[in-house]
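In: here is the input, now give the coordinates:
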Amino acid sequence: MQKRIDPTLSHKHRKRSVQLVAEATLPSRFGDFRIAAFEATGDEDHAAVIKGDIAGKTGVPVRLHSECFTGDVMGSLRCDCRDQLEAALVYVGEQEYGAVLYLHQEGRGIGLANKIRAYALQDDGMDTVEANLALGFHDDERDYEVAAMMLKALGVVSVKLLTNNPSKIKGLEHYGIQVEERVPLAIAPNVHNVDYLRTKKLKSGHLL
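Out: So this is what the prediction gives:
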């Protein structure tokens with residue numbers, strides 16, 4: 001079994017700063033939210049979709065969602081990203097308060113072009129972990145420092161994290177965000193992503 005890479009150790013961290021630069025209302029099919037834009041030094045812009053007043057709150061329901069152009073936008077069935085995003089927005093929309101952070105970390109942090117290269121390797125029989133490793137990456141290149149800084153900028157004291165990925169919990173806690181509880185996101189597989197989800201469970205340690 002492929003050894004799990006700790007994402008908090010896989011990056012050479014530089015000093016970062018994150019600034020909330022704009023905020024507006026966002027009525028949506030999932031509820032009435034606010035959307036906040038963040039600029040991060042040496043990084044792409046990130047966003048948070050917010051329900052209610054989360055400043056100073058504990059146990060805030062939060063989803064950390066990494067950008068997925070193929071799934072979120074194009075409706076790809078190769079992954080469960082869009083289903084997870086929509087389930088998180090529905091869940092948060094039903095709460096008194098909460099947030100979904102949309103993070104610019106396409107393809108588990110390897111970028112869109114490399115993600116498509118990984119898709120091609122998967123078409124030839126590799127799984128997602130093997131494909132990333134074949135391209136010279138760790139199986140997961142994501143880091144959650146910016147997410148933690150966004151939550152701190154929003155005044156969040158502690159969170160209930162909507163995730164199946166223990167590395168997100170470890171990553172947030174590494175950067176000083178208390179995770180009070182994990183809220184599972186149960187998504188039914190389809191014929192195109194069942195092997196992808198199996199790899200998530202067996203090689204990446206996701207709690208599925």
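
In: what residue in this structure is the furthest from its centre?
Out: Residue farthest from the centre of the chain, counting by Cα atoms, centre = their mean, is residue 124 at 26.9 Å.

In: how much space separates that residue from residue 186?
Out: Using Cβ to Cβ, to the nearest Å, one gets 31 Å for the distance from residue 124 to residue 186. To be clear about C-beta, it is placed using only N, CA and C from the backbone, and glycine gets the same treatment.

In: got the contact list for the nearest residue to residue 31 once chain neighbours are set aside?
Out: Nearest residue to residue 31 in three dimensions, chain neighbours excluded: residue 93, at 2.9 Å (Cβ to Cβ, 6 or more residues apart in numbering). Contact analysis of residue 93 by Cβ atoms under 8 Å, 6 or more residues apart in numbering lists 28, 30, 31, 32, 33, 51.

In: of the residues you listed - the most surrounded one?
Out: When neighbours are counted by other Cβ atoms under 10 Å, residue 51 leads the contacts of residue 93 with 24 neighbours.

In: for residue 21, see how far away that residue is.
Out: In terms of Cβ to Cβ, residue 51 sits 20 Å off from residue 21.

In: what ranges do the strands span in the chain?
Out: Per DSSP state E, the chain carries strands over the ranges 18-28, 31-40, 46-51, 60-66, 98-103, 158-162, 178-183.

In: starting at the chain centroid, how far to the last one?
Out: The gap between the average C-alpha position of strand 178-183 and the chain average comes to 15 Å, counting by Cα atoms, centre = their mean, to the nearest Å.

In: in stretch 48-56, which residues are buried?
Out: 48, 49, 50, 51, 52, 54 (16 or more other Cβ atoms under 10 Å).

In: please disregard the earlier target; I meant stretch 105-116.
Out: Buried-residue list, stretch 105-116, by 16+ other Cβ under 10 Å: 105, 106, 107, 108, 109, 110, 114, 115.

In: can those go into JSON lines with extra columns for distance to residue 194?
Out: Shown next, in JSON lines, are these (distance: Cβ to Cβ, whole Å):
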{"residue": "105", "distance to residue 194": "24"}
{"residue": "106", "distance to residue 194": "23"}
{"residue": "107", "distance to residue 194": "20"}
{"residue": "108", "distance to residue 194": "19"}
{"residue": "109", "distance to residue 194": "24"}
{"residue": "110", "distance to residue 194": "23"}
{"residue": "114", "distance to residue 194": "24"}
{"residue": "115", "distance to residue 194": "20"}
